[in-house]
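Q: Model the following, please.
(2 chains)
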Protein chains: 2
Amino acid sequence: MYNAEPLKTNNHNSNEATVLRPVSVGIVGLGTVGSGTFKVLQRNAEDIARRAGRSIQIVHVGARRDHPDCDTTGVRVSRDIFEVARDPDVDILVELIGGTTTAYELTMMAIANGKHVVTANKALIALHGNEIFAAARKKGVNVAFEAAVAGGVPVIKAIREGLAANRILWLAGIINGTSNFILTEMWDKGRSFQDVLGEAQAKGYAEADPTFDVEGIDAAHKLTILASIAFGIPLQFDKVFVEGISRMESVDIKYAEQLGYRVKLLGITRQSDRGVELRVHPALIPAGHLMANVNGALNAVMVIADAVGPTFYSGWGAGSEPTASSVVADVIDVARVLTTDPTNRVPHLAFQADRLENLPILPIEEVETAFYLRILAKDSPGVLNKITAALSRADINIEAITQREIDEVNGQVPIIMVTRKIKEAQVRQAISEIEAVQDVVDRVICIRLEMLET
Amino acid sequence: MYNAEPLKTNNHNSNEATVLRPVSVGIVGLGTVGSGTFKVLQRNAEDIARRAGRSIQIVHVGARRDHPDCDTTGVRVSRDIFEVARDPDVDILVELIGGTTTAYELTMMAIANGKHVVTANKALIALHGNEIFAAARKKGVNVAFEAAVAGGVPVIKAIREGLAANRILWLAGIINGTSNFILTEMWDKGRSFQDVLGEAQAKGYAEADPTFDVEGIDAAHKLTILASIAFGIPLQFDKVFVEGISRMESVDIKYAEQLGYRVKLLGITRQSDRGVELRVHPALIPAGHLMANVNGALNAVMVIADAVGPTFYSGWGAGSEPTASSVVADVIDVARVLTTDPTNRVPHLAFQADRLENLPILPIEEVETAFYLRILAKDSPGVLNKITAALSRADINIEAITQREIDEVNGQVPIIMVTRKIKEAQVRQAISEIEAVQDVVDRVICIRLEMLET
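A: So this is what the prediction gives:
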């Protein structure tokens, strides 16, 4: 049976602002991702409602123990997680316990009870997805799993919807953050695999049993999912060729670097006349490639398709809130497809039209950035002092300064400066004063500088 | 009035495979993007139907002239483009004429006639989006514009849906391909702005009037849209601070490089307590950053949000089929929200369950890649010859070979090789023969090599 009571009666001809009833979510599992999901749903409730057009409420949590960061006041809490799958008040069950036995039972029970399911569980989908989706289709419910691949990067949505016009030719992904962190450290510091792994385990970046990560199994789960959505083939984890990074030696990473390559653990799938390639293994890739510059625990997926060509997606592939970001996006997506009421569509500008805000736009004079300045001056005594005096009057600190004697032409020398972060108005004042200095020739070249730090 | 006849009656309780009637599309404009859209819809019709669960049919084309690549046999063709907006057979009007006067009239007429609109027109949305969306809401129709920003990269979908759980903090984009191509050439070859622009115009990469591209106006249109969907503010193009690249000198790009930076034309928007920054200008960014490695005509957008952290999206920002990719994805999206029938949802595995294909998975022995090989051998005469003989018997061509005398330890020397692309079975045969050579000590280290070329 399809979720018997539609969340809202369809009402195509009405222009009135309709109010959709809240969507009720049950979260199962309050570990790393579960607590992240709980926190994001609570912290960003207002912005989420502005986008979704309705509020998303956590009504039930199933977890064997509490989480110190999650205040469950007013939320039903069950130690028996199956209670959540039985709760008639739950519209969407969010499965975040991991593993493939209990998680499978729970998911199938939720589907049988007419609930939509959102999961971050790549092993569950890679191994049991075919059955789970068949059961979901039979009941008319959705099973969403954006968080299963590349954590917070919406790459499943990109392939499944954003590239839906294309014949996808192949894709390659750095889809295990632990392996990428280890390879990056081995490359950057010449450390051994065992050394880096030990540290990662001590710091909690890597699991106590790192087999799934370093032997490529986790990446193979994710590649299984990516290949299916790219080519329209059933999930078939057992056919993935898998080779991990545990035998990788830093000397090969060094030689690869000398040849112009970096080493990454890649998941690759490609469609050809002879069949579909499905493989996870370390690979040398050209050092100048975007993929080669995906370092540390970042993930990235590159997709090559016939119309769009290559597209590239990157971000944190794991972690509490990055993964929660995709889980919550799935919850909103599931809520959207429940009615055809235009109010329930993705709003044109992401937020509901009546929830747009008229925030002030900052005038450029008030914007703060660092600046690169090039000043062409006669190589005369005192000119640098006059320039720095002008900077000082405008309260500008200098990060770096170079006077390029080497570039002197006709007794004129370029002075290159990088400022600290300052207001545009300050740099404009300084420039007008500097341009008035007698031995400064030509206008001052001024380019903003952005560190793009996060 | 909302599109009077729903495409399909809602039928929540049915498990039968329902057949949805085709969606009828009218394309207006058969220029670069229009012809690309026409070709992609025709060429990939089968795969698109496998994903959308229904066929997408071009029923009407409005264009002042034909396009040699588009066979319009069986399609109604009108020289008066407004005929398409009046055609009762058209469900979705695809506006690809560009400009903001006729395109505005056409879009408003289509909406008034209850048609959904898909457009690639960033100027139209940036300047008139607020009115257009208000009119669309009143009629209950959709206006989709993924192709308006970053061409084929589904960045609007990523921000609007994929990151819907987040409070977005800021974003920065390389969102004008012409400017990025010019800056890349100036950096790479030390050429002047005028020189590169002239060549780009001669080759048709840049418009005859390049003002919109090189003065930052096109980027400002796109930034206007990105800021609205990121922060939930109205579109306000007139408040963007805009500075282009026409005064950029290659000497500053050279100095920036020496300081560890690259120069890119960025669109930046950031939300702070003081207001929203909204600005397009050239900027120095750290050379090691992913954004600094977005070269040529590629576009990229980096979004920083509270839960997910940084995510990064890149691909071709313009061109016939990359842009068509987003236009067609929008057409499919619009078709999806018209009914709540589960058949009409995004399928779990991207393709309809009954349209999955059981393509063969290639055994790893049949997969072709290049290989990096490291062979540790005693530094004795004849050993290299025996190794190359084994490679020759396995029909393996060598791309590069280095014998690292410098790394000799205890009379043992590593021999590093990179092969041409060969089958896995070949390399395995060669390795087993090489490992049997008397003076080869230890196992052969073998790592696959992927050029990731597109």
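
Q: pLDDT weak spots in chain A?
A: Scanning chain A with the threshold set as pLDDT under 70 gives A:1-19, A:340, A:343, A:406.

Q: pretty sure residue A:175 contacts residue A:220?
A: No. Applying CB atoms under 8 Å, one finds residue A:175 not in contact with residue A:220, separated by 9.3 Å. C-betas here are computed from N, CA, C, even on glycine.

Q: and for the two, which residues touch both?
A: By the contact definition CB atoms under 8 Å, 6 or more residues apart in numbering or on different chains, residue A:175 and residue A:220 are jointly contacted by residue A:267.

Q: where along chain A do the helices fall?
A: Ranges of helices in chain A, per DSSP state H, are A:32-43, A:45-52, A:82-86, A:102-112, A:122-139, A:155-157, A:177-189, A:193-202, A:211-214, A:217-231, A:250-258, A:320-336, A:383-393, A:424-435.

Q: Turn those helices into a markdown table, including distance to residue B:388 and mean neighbour count.
A: Formatted as a markdown table, those follow (distance: least, CB to CB, whole Å; neighbours: other CB atoms under 10 Å in any protein chain shown):
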| stretch | distance to residue B:388 | mean neighbour count |
| --- | --- | --- |
| helix A:32-43 | 52 | 23 |
| helix A:45-52 | 63 | 19 |
| helix A:82-86 | 63 | 20 |
| helix A:102-112 | 53 | 20 |
| helix A:122-139 | 42 | 21 |
| helix A:155-157 | 43 | 28 |
| helix A:177-189 | 30 | 22 |
| helix A:193-202 | 31 | 16 |
| helix A:211-214 | 34 | 20 |
| helix A:217-231 | 34 | 27 |
| helix A:250-258 | 19 | 18 |
| helix A:320-336 | 49 | 27 |
| helix A:383-393 | 63 | 17 |
| helix A:424-435 | 63 | 18 |
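
Q: Which residues of the stretch 351-454 of chain A lie near chain B?
A: Contacts of the stretch 351-454 of chain A with chain B, taken as CB under 8 Å from any CB of the partner chain, map to A:351, A:353, A:355-362, A:364, A:366-367, A:369, A:372, A:374, A:400, A:402, A:404, A:414, A:416, A:418, A:445, A:447-452, A:454.

Q: ok, 6 Å please
A: For the stretch 351-454 of chain A, the residues in contact with chain B (CB under 6 Å from any CB of the partner chain) are A:351, A:353, A:356-357, A:359-362, A:364, A:367, A:372, A:374, A:416, A:445, A:447-450, A:452, A:454.

Q: Now the buried members of these.
A: A:351, A:353, A:356, A:361-362, A:364, A:367, A:372, A:374, A:416, A:445, A:447-450, A:452 (16 or more other CB atoms under 10 Å in any protein chain shown).

Q: what's the farthest-apart pair in these?
A: A:353 and A:416 (48.5 Å; CB to CB).

Q: Report the contact partners of residue A:63.
A: Applying CB atoms under 6 Å, 6 or more residues apart in numbering or on different chains to residue A:63 gives the contacts residue A:30.

Q: one more time with 8 Å
A: A:27-30, A:34, A:77, A:79, A:81.

Q: Of the residues you listed, which is the most crowded?
A: residue A:27 (31 neighbours; other CB atoms under 10 Å in any protein chain shown).

Q: can you list the domains in chain A?
A: A:23-152+A:321-355, A:155-316, A:364-449 (automatic domain parsing).

Q: Among the residues of the stretch 351-454 of chain A next to chain B, which ones are in strands?
A: Secondary structure from DSSP state E places A:372, A:374, A:416, A:445, A:447-449 of those in strands.

Q: out of those residues, which one sits closest to residue B:272?
A: Closest approach to residue B:272 among these (CB to CB): residue A:448, at 16.4 Å.

Q: hang on, the earlier thing: want to throw the helices of chain A into JSON lines with distance to residue B:224?
A: Shown next, in JSON lines, are these (distance: least, CB to CB, whole Å):
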{"stretch": "helix A:32-43", "distance to residue B:224": "28"}
{"stretch": "helix A:45-52", "distance to residue B:224": "19"}
{"stretch": "helix A:82-86", "distance to residue B:224": "44"}
{"stretch": "helix A:102-112", "distance to residue B:224": "42"}
{"stretch": "helix A:122-139", "distance to residue B:224": "38"}
{"stretch": "helix A:155-157", "distance to residue B:224": "24"}
{"stretch": "helix A:177-189", "distance to residue B:224": "35"}
{"stretch": "helix A:193-202", "distance to residue B:224": "43"}
{"stretch": "helix A:211-214", "distance to residue B:224": "42"}
{"stretch": "helix A:217-231", "distance to residue B:224": "32"}
{"stretch": "helix A:250-258", "distance to residue B:224": "43"}
{"stretch": "helix A:320-336", "distance to residue B:224": "24"}
{"stretch": "helix A:383-393", "distance to residue B:224": "34"}
{"stretch": "helix A:424-435", "distance to residue B:224": "20"}
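
Q: who wins for proximity to residue B:294 among the ones you listed?
A: Short answer: helix A:155-157, nearest of the helices of chain A by CB to CB, at 18.1 Å.

Q: anything in that closest one sitting right up against chain B?
A: Yes. Remark: helix A:155-157 sits within contact range of chain B at residue A:157, by CB under 8 Å from any CB.

Q: Check which helices and strands that helix sits against.
A: helix A:217-231 (3 or more CB pairs under 8 Å, 6 or more residues apart in numbering or on different chains; DSSP states H and E).

Q: Apart from its chain neighbours, what residue comes closest to residue A:247?
A: The shortest distance from residue A:247 to any non-neighbouring residue, by CB to CB, 6 or more residues apart in numbering or on different chains, is to residue A:193 (7.9 Å).

Q: The one you found: what's it in contact with?
A: Taking CB under 8 Å, 6+ apart as the test, what residue A:193 contacts is A:182, A:186, A:214, A:245-250.

Q: Between those residues, which sits nearest chain B?
A: residue A:249 (7.1 Å; CB to the nearest CB).

Q: wait, the closest one sits on residue B:445?
A: Yes. Using CB under 8 Å, residue A:249 is in contact with residue B:445, at 7.1 Å.

Q: Would you check how far apart residue A:453 and residue B:304 are?
A: To residue B:304, residue A:453 is 9 Å away according to CB to CB, to the nearest Å.

Q: The two: which is more packed in?
A: Ranked by neighbour count (other CB under 10 Å), residue A:453 and residue B:304 place residue B:304 first, with 20 against 8.

Q: What residues are bridge-paired with the more buried one?
A: Counting by DSSP bridges, residue B:304 forms beta bridges with residue B:170, residue B:310.

Q: Do I have it right that it meets residue B:163?
A: No. Judged on CB under 8 Å, residue B:304 makes no contact with residue B:163 at a distance of 10.1 Å.

Q: For residue A:136, which residues are in contact?
A: Contacts of residue A:136 were listed using CB under 8 Å, 6+ apart, and they are A:111, A:117, A:142-143, B:348.

Q: and if we set it to 7 Å?
A: Residue A:136 sits next to A:111, A:142-143 when contact means CB atoms under 7 Å, 6 or more residues apart in numbering or on different chains.

Q: Could you give the number of residues near residue A:208?
A: By other CB under 10 Å, neighbour count at residue A:208 equals 6.

Q: and the gap between it and chain B?
A: 25 Å (CB to the nearest CB, to the nearest Å).

Q: Skip the chain neighbours and tell me the closest residue to that residue.
A: residue A:201 (6.6 Å).

Q: ok, and does stretch A:37-52 reach over to chain B?
A: Yes. Contact between stretch A:37-52 and chain B, assessed by CB under 7 Å from any CB of the partner chain, occurs at A:40, A:44, A:47-48, A:50-51.

Q: Which of these lies at the shortest distance from residue A:297?
A: residue A:40 (19.2 Å).

Q: ok, back up a step: near chain B, from the contacts of residue A:136?
A: Restricting the contacts of residue A:136 to those near chain B - CB under 7 Å from any CB - leaves A:142-143.
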